[in-house]
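Novice: Need a 3D model of the following:
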Amino acid sequence: MASSVSPFRIIIVDDESLARRGLQLRLKDIEGIEVIAECANGREALAAIAEHAPDLMLLDIQMPGMSGFDVIENLQQDNMPLIIFVTAFDEYAVEAFNVHAVDYLLKPIDSDRLKAAIQRARGRATQKDEVTDKQRLLDLIISITGKSEISVAQLLKERTGSRAYPERIAIKDGGETTLVDAKDIDWVDAAGDYMCVHANEQTHIMRVTMKDLENQLDPTNFQRVHRSTIVNLDRVKKVCSHINGEFHLILSNGATIKMSRSYKDKVKHFF
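Specialist: Alright, predicted model coming up:
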């Protein structure tokens with residue numbers, strides 16, 4: 001009995017015939033999809049999208065005449081398919097993030113990675129969870145480029161003119177990296193050349209400057225209240241003033257944070 005579920009319709013765009021053939025072969029092992037067109041350049045891709053309205057486009061970046069990003073710029077929003085970039089170059093990962101690509105695959109293509117990317121695109125098509133995808137792609141950019149989350153956020157700021165604050169903070173300890181949700185951070189304080197990140201009743205140690213860490217945290221939620229302390233404003237339950245002009249902030253977990261006089265204007269954030 002034939003399935004009543006419509007196939008996930010895909011077009012392949014790559015100027016190299018061998019690359020297109022390689023993708024075709026790998027895609028044959030993935031159930032529930034249909035390759036409806038192959039395109040050798042950007043103009044063919046635009047024509048195929050207008051004719052077929054595919055669900056997904058596997059798109060090379062470096063092509064003669066019109067790059068993959070040029071293709072996207074020439075598309076109308078009402079017929080924009082999901083995008084998975086397929087390229088031999090890793091330096092375009094930030095641009096891929098900016099155009100909300102579902103994934104970014106490096107040649108030679110690994111069959112398991114391709115299958116996972118297709119599954120993710122299917123989920124995206126039904127759930128439209130843009131925030132989760134952007135954070136996942138940010139993690140992917142970090143793994144591909146080897147850059148820190150701070151560096152990637154700064155690149156995004158330079159490319160887009162707006163500030164991107166990561167949802168999670170990557171804390172490296174030897175050969176391990178712990179991802180801590182920014183919203184779970186209660187406060188941060190300095191200990192010499194290290195930052196102590198207090199979250200979920202645990203303390204994580206980072207070798208990073210206070211300024212660099214502060215740049216990762218959204219200032220609508222996190223504020224410096226001392227030259228060596230950043231606090232999550234959502235955790236502040238009480239503000240106690242002292243006759244010397246200083247304040248103590250009482251957090252929801254019972255911790256007491258000292259606010260110096262030079263930061264007393266920050267008190268307005270708590271009322």
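
Novice: Next, work out how far apart Thr256 and Asp173 are.
Specialist: To Asp173, Thr256 is 27 Å away according to CB to CB, to the nearest Å. Where C-beta positions appear, they are placed from N, C-alpha and C, glycine not excepted.

Novice: again with Ala40
Specialist: Taken as CB to CB, the span from Ala40 to Asp173 is 48 Å.

Novice: where does the stretch 101-250 of the chain have low pLDDT?
Specialist: For the stretch 101-250 of the chain, the stretches with pLDDT under 70 are 126-164, 174-175, 242-245.

Novice: cutoff 90 now
Specialist: Residues of the stretch 101-250 of the chain meeting the criterion pLDDT under 90: 101-104, 120, 122-180, 191-194, 206-227, 233-250.

Novice: Ramachandran coordinates for Ser252?
Specialist: When read as degrees, to the nearest 10, the backbone of Ser252 gives phi -60, psi -20.

Novice: Lys238 too?
Specialist: Taking degrees, to the nearest 10 as the convention, Lys238 sits at phi -150, psi 140.

Novice: Can you get me a residue count around the spatially closest residue to it that is not a sequence neighbour?
Specialist: In this structure, Lys238 finds its nearest non-sequential neighbour in Ile250, 3.9 Å apart by CB to CB, 6 or more residues apart in numbering. Around Ile250 there are 15 other residues, counting by other CB atoms under 10 Å.

Novice: Just list whatever residues bridge to Ile250.
Specialist: For Ile250, the beta-bridge partners are Lys238, Thr256 (DSSP bridges).

Novice: Would you mind measuring from Phe69 to Arg120?
Specialist: Counting by CB to CB - Phe69 and Arg120 are separated by 21 Å.

Novice: Extract the C-alpha trace of stretch 58-65 and format it as CSV.
Specialist: C-alpha atoms of stretch 58-65 as CSV (Å, rounded to 0.1, in the frame of the first residue of the first chain):
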residue,chain,number,x,y,z
LEU,A,58,20.9,21.6,-1.3
LEU,A,59,22.9,24.6,-2.4
ASP,A,60,26.6,25.0,-3.3
ILE,A,61,28.1,28.4,-2.4
GLN,A,62,31.0,29.0,-4.8
MET,A,63,29.5,28.8,-8.3
PRO,A,64,30.5,30.9,-11.4
GLY,A,65,28.2,33.8,-12.2
